[in-house]
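Q: Requesting a structural model of the entry that follows:
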Amino acid sequence: MSRFFASCGKGLEYLLADELVALGCARATATVAGANAEGSLADAQRAVLWSRLASRVLWPLAEFDCPDEHALYEGASRIDWPRHLAPGHTLAVDAHVSGEALTHARYAAQRVKDAVVDVMRARTGARPDVDVESPDLRLNLVVRKGRAVLSVDLGGGPLHRRGWRRIQGDAPLKENLAAAVLMRGNWSRMYAEGGALLDPMCGSGTLVIEAALMAADVAPGLQRHGGFMPTGWLGFDTDAWKQLRVEAIEREAKGRTALRPVFQGRDIDPHAVRAARENAEAAGVAEAIEWKVEDVRALAAAEGQPERGLVACNPPYDARLAADPALYRALGDALKRAVPQWRASLLCGDADLAYATGLRAAKKYQVFNGAIECTLIVVDPIAPPQRERAEDAAPRELSEGAQMVANRLRKNLRKLKSWREREGVHCFRAYDADIPEYAAAIDVYETDESPSRTFLHVQEYAAPAEIPQDVQRRRLNEALAAAREVFGVPRERIALKTRARGKGGSKYGQFDTRGEFVVVREGRARLRVNLFDYLDTGLFLDHRPMRLRIADEARDARFLNLFAYTGAATVHAALGGARATTTVDLSATYLQWCADNLRENGVGGAKHRLVQADAMEWLSHDEGEYDLIFCDPPTFSNSKRADDFDVQAAHVALLRAAVARLSREGALYFSNNFRRFRLDEAAVAQFAHCVEITRETLPPDFGRDARIHRCWRLTRNASR
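A: Numbers count the residues shown, from 1 in each chain. Predicted coordinates:
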């Protein structure tokens, strides 16, 4: 098992990671502009042939310290180049550098080329020539933070070039970004269920042709150089490639034979439609596609149109192409008129242009078309049935108080927008008693499905005793009205937790018993939440940065999760590559929830252990050793199955026992949400080095409440 890297356009990383796993890689983790994958060389070669999203697949040859150009040359010179390059072969080097020592990519590429030439000349008597267009061996160099990684480009060049494009328009859409638009629209499933595809602004036909090739099960790499060897690298597994190619050809033959003529391309420009026809001919899918010169404003429902289908479109959005909000509005109106029950996946220039369509997006994604940042929206259905808002048949104008809350919600959403898009956050706190009179927390949960649904979790805070109950109810209703107006969700998707006065003071009243779980995404993890049946949902949103940190640090670690609740941190550790996980909680309900979360992510087996026990008692008997521990105890607990627990009184004993289970280089993350908690630093210093990292673990959506939790990092080694 080896590690390799597949690059892609920014915004496609998580899609690519999922695709690589589906193609047979043991694991794939999204990172900036690509995914780190684990698998065999054959797995990497399969990605070259079959990945619709990857830009390049890079197989590493060497990694070494690279503080300057001399170290770069020396590192490259230590590679046994005759094992990789035959005499007479040609060479090209692509370089990407950052830092102060090496600042010029072309110079860095030249130094690597010099090293290869010098080694080959000394060992074989012949030197390779440079061919930047079509070399036998294309190398890729990345220098970052003083480390160099030198890899073979297994595809021999950009993989978005499928080989069928003969003519392109002024601003062609890359084929791998087109594939992402189709995947976000769930096109493969739509086609399998009998659906059709329409692009009403098709340009040179990229989206329609890519959709037809996907439906025909044609491997993207087959049309590049006829699917023959993509590289002359001597380490390439030629037998595996031949077998992959034979299988791909067999699949293509079956897929093309069964391909249904359900593809439509429209454009107002006859030259663009002519180019699209020629490209479709080159791709071998012309007979399945109907092309037509037509203004989007003239789009109308066609006879015999399937009930369901996908509109995939990349309307003009760049200033050079004169992006026009009126055109976007015309597009939205036309789609509502012609295909109201279809799904749409629209690549828009920005959020404002997406909003101009008048379509309500179920999902929004930030992606890049080259250097242009775009907004991809998925709408399903295009024109929602009116019955969803039947209860609002005669919508009333918001009261002054409700309008204040609505304005604050919109302001918060604008403030969080770039962070949410950059980090891929789908569950977040949108409002936290920002206006003191409207004392509630409003959390947003977007489901990980297609189409996505938006749920709101509204939790009322205790009001001062002097506030009359009728005033409290009015304010809460106004806050709910504002939330429904801003997010456009029906009442059945709002989970409301209200406080009622009674003996012992204010407390939460009866909850629903719907037994309804929905799945949401956090980073790479798919997690089940229950918004209605419990006070908490199964996912503490304020701990999002901590869980993502665990995922980053879990590689090959033995992970222990104490007071694990529903096991979200365990799922992140497992997906982050933990060697083994142990999850401890006293509640059988929560452990079953954790098991369901693990299963949701395809994680299971003996190396992921679930333990129903009191954490303090279990630690006193456990003899295991762990590299990474997460401990997030409750403030108080008086369970009948265990001794009473008070985090303030018990934290020293708890931490002492947990640190005793740490490996020498291990780390323990300790967190709690008791607002009056005071760490006994002197006592803890006797057995651990402890650093508070609370600020690093507080996400932007909880910026109003810096006391939501506190967190520390403990190690046995005081030098760390």
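Q: Tell me how this structure divides into domains.
A: Recorded structural domains for the chain (assignment: automatic domain parsing) are 2-153, 175-216+259-384, 387-508, 540-715.
Q: Out of those, which gets the lowest mean score?
A: Lowest mean pLDDT within these: domain 387-508, a mean of 85.
Q: Quick one: closest of the domains of the chain to residue 230.
A: Proximity to residue 230 (Cβ to Cβ) singles out domain 2-153 among the domains of the chain, at 5.9 Å. Heads up, the C-betas are built off the backbone N, CA and C, glycines and all.
Q: Determine how far the closest one lies from the middle of the whole chain.
A: Distance, stretch centre to chain centre, for domain 2-153: 25 Å (Cα atoms, centre = their mean, to the nearest Å).
Q: how long is that domain end to end?
A: From its first residue to its last, domain 2-153 covers 15 Å (Cα to Cα, to the nearest Å).
Q: on that earlier part again, just send the domains of the chain back as TSV, with distance to residue 251 and mean neighbour count too.
A: Putting the domains of the chain into TSV (distance: least, Cβ to Cβ, whole Å; neighbours: other Cβ atoms under 10 Å) gives the following:
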stretch	distance to residue 251	mean neighbour count
domain 2-153	10	19
domain 175-216+259-384	9	20
domain 387-508	24	16
domain 540-715	24	18
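Q: excluding its backbone neighbours, what's nearest residue 410?
A: Take residue 410 and drop its neighbours on the chain: the residue closest to it by Cβ to Cβ, 6 or more residues apart in numbering is residue 486, 6.0 Å away.
Q: For residue 121, give me its contacts.
A: residue 127 (Cβ atoms under 8 Å, 6 or more residues apart in numbering).
Q: And what about it, helix, strand or coil?
A: Under DSSP: H, G, I helix; E, B strand; the rest coil, residue 121 falls in the helix class.
Q: same check, this time on residue 21
A: Put simply, residue 21 is helix when judged by three-state DSSP.
Q: For my notes, confirm residue 52 occurs in a strand.
A: No - applying three-state DSSP, one finds residue 52 to be coil, outside a strand.
Q: quick one, what contacts the closest residue to it other than its chain neighbours?
A: Excluding the flanking residues, the one nearest residue 52 by Cβ to Cβ, 6+ apart is residue 179, at 3.8 Å. By Cβ under 8 Å, 6+ apart, the contact set of residue 179 is 52-53, 210, 214, 220.
Q: Would you mind giving the domains of the chain as a markdown table with distance to residue 244 added?
A: Formatted as a markdown table, the domains of the chain follow (distance: least, Cβ to Cβ, whole Å):
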| stretch | distance to residue 244 |
| --- | --- |
| domain 2-153 | 5 |
| domain 175-216+259-384 | 17 |
| domain 387-508 | 29 |
| domain 540-715 | 24 |
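Q: now for those domains, which one comes closest to residue 531?
A: domain 387-508 (3.9 Å).
Q: Report the distance from the closest one to the chain centre.
A: 26 Å.
Q: Next, find the distance separating the residue of the chain most remote from its centre from residue 198.
A: Computed with Cα atoms, centre = their mean, the residue of the chain farthest from its C-alpha average is residue 125, at 49.5 Å. Residue 125 is 61 Å from residue 198, where distance means Cβ to Cβ, to the nearest Å.
Q: go on, residue 265?
A: Going from residue 265 to residue 198 by Cβ to Cβ gives 8 Å.
Q: Same check on residue 488?
A: Here the distance between residue 488 and residue 198 works out to 25 Å (Cβ to Cβ).
Q: before we move on, the earlier item: which one of the contacts of residue 179 is nearest to residue 296?
A: Within those, the smallest distance to residue 296 is 20.1 Å, found for residue 210 (Cβ to Cβ).
Q: List the contacts of the closest one.
A: So residue 210 contacts 52, 162, 175, 178-179, 182 (Cβ under 8 Å, 6+ apart).
Q: go with 10 Å
A: Counting by Cβ atoms under 10 Å, 6 or more residues apart in numbering, residue 210 touches 52, 162, 164, 173, 175-182, 187, 197, 218, 220, 283, 285, 312.
Q: How about residue 710?
A: For residue 710, the contacting residues are 670-675, 677-679, 692-695, 697-698, by Cβ under 10 Å, 6+ apart.
Q: Hmm, residue 698 and residue 542 touching each other?
A: Yes - proximity of residue 542 to residue 698 meets the contact threshold set by Cβ atoms under 10 Å, at 7.1 Å.
Q: hey, what's in contact with both of the two?
A: Residues touching both residue 542 and residue 698 (Cβ under 10 Å, 6+ apart) are 705, 708-709.
Q: which one is the residue farthest from the centre of the chain nearest to, not counting chain neighbours?
A: If the residues on either side of it in the chain are set aside, residue 125 comes closest to residue 87, at 7.7 Å by Cβ to Cβ, 6+ apart.
Q: Over to the one you found. Which of the three states is it?
A: Of the three states, residue 87 takes coil under three-state DSSP.
Q: could you check the distance from it over to residue 604?
A: With distances taken as Cβ to Cβ, residue 87 is found 51 Å from residue 604.
Q: for residue 532, same thing?
A: Distance of residue 532 to residue 604, given as Cβ to Cβ: 28 Å.
Q: next structured bit after the longest helix seen in the chain?
A: As assigned by DSSP state H, the longest helix anywhere in the chain is helix 400-423. Following helix 400-423 in sequence order, the next helix or strand is strand 427-432 (DSSP states H and E).
Q: Just checking: what are the partner strands of the helix or strand following that following strand?
A: Downstream of strand 427-432, the next assigned helix or strand under DSSP H and E is strand 440-446. Taking DSSP bridges as the criterion, strand 440-446 forms sheet pairs with strand 427-432 (antiparallel), strand 454-460 (antiparallel).
Q: Against which helices or strands is the helix or strand following the longest one packed?
A: Downstream of strand 454-460, the next assigned helix or strand under DSSP H and E is helix 469-487. Helices and strands touching helix 469-487, by 3 or more Cβ pairs under 10 Å, 6 or more residues apart in numbering; DSSP states H and E, are helix 400-423, strand 427-432, strand 440-446, strand 454-460, strand 494-497, strand 499-502.
Q: switch to 8 Å and redo it
A: Contacts defined by 3 or more Cβ pairs under 8 Å, 6 or more residues apart in numbering; DSSP states H and E place helix 469-487 against helix 400-423, strand 440-446, strand 454-460, strand 494-497.
Q: Now do the third one: everything it contacts.
A: When you say that, I think you mean strand 454-460. Here strand 454-460 makes contact (Cβ under 8 Å, 6+ apart) with 362, 439-447, 472, 476, 479-480, 483, 487-489, 493-499, 518, 531, 537.
Q: Same question for stretch 244-264.
A: 42, 45-46, 49-50, 191, 195-199, 208, 211-212, 215-219, 221-222, 227-228, 284-285, 287-292, 306, 309.
Q: where does residue 539 fall, phi/psi-wise?
A: The phi/psi pair for residue 539 (degrees, to the nearest 10) reads phi -150, psi 110.
Q: List the beta-bridge partners for the nearest residue to it once chain neighbours are set aside.
A: Once flanking residues are discounted, residue 539 sits nearest to residue 529: 5.2 Å by Cβ to Cβ, 6+ apart. Beta bridges link residue 529 to residue 518, judged by DSSP bridges.
Q: Residue 454 too?
A: residue 446.
Q: and it, how far is that from residue 485?
A: Residue 454 sits 13 Å away from residue 485, going by Cβ to Cβ.
Q: what do you get for residue 250?
A: Distance from residue 250 to residue 485, counting by Cβ to Cβ: 55 Å.
Q: ok, now residue 191?
A: Between residue 191 and residue 485 the computed distance is 37 Å (Cβ to Cβ).
Q: Equivalent analysis for residue 160, please.
A: Distance from residue 160 to residue 485, by Cβ to Cβ: 42 Å.
Q: do the same with residue 202
A: Distance, residue 202 to residue 485, using Cβ to Cβ: 37 Å.
Q: try residue 147
A: Residue 147 sits 51 Å away from residue 485, taking Cβ to Cβ as the criterion.
Q: Strands of the stretch 601-720 of the chain, residue ranges please.
A: 608-612, 626-631, 636-637, 645-646, 662-672, 689-692, 710-715 (DSSP state E, counting those that start in this stretch).
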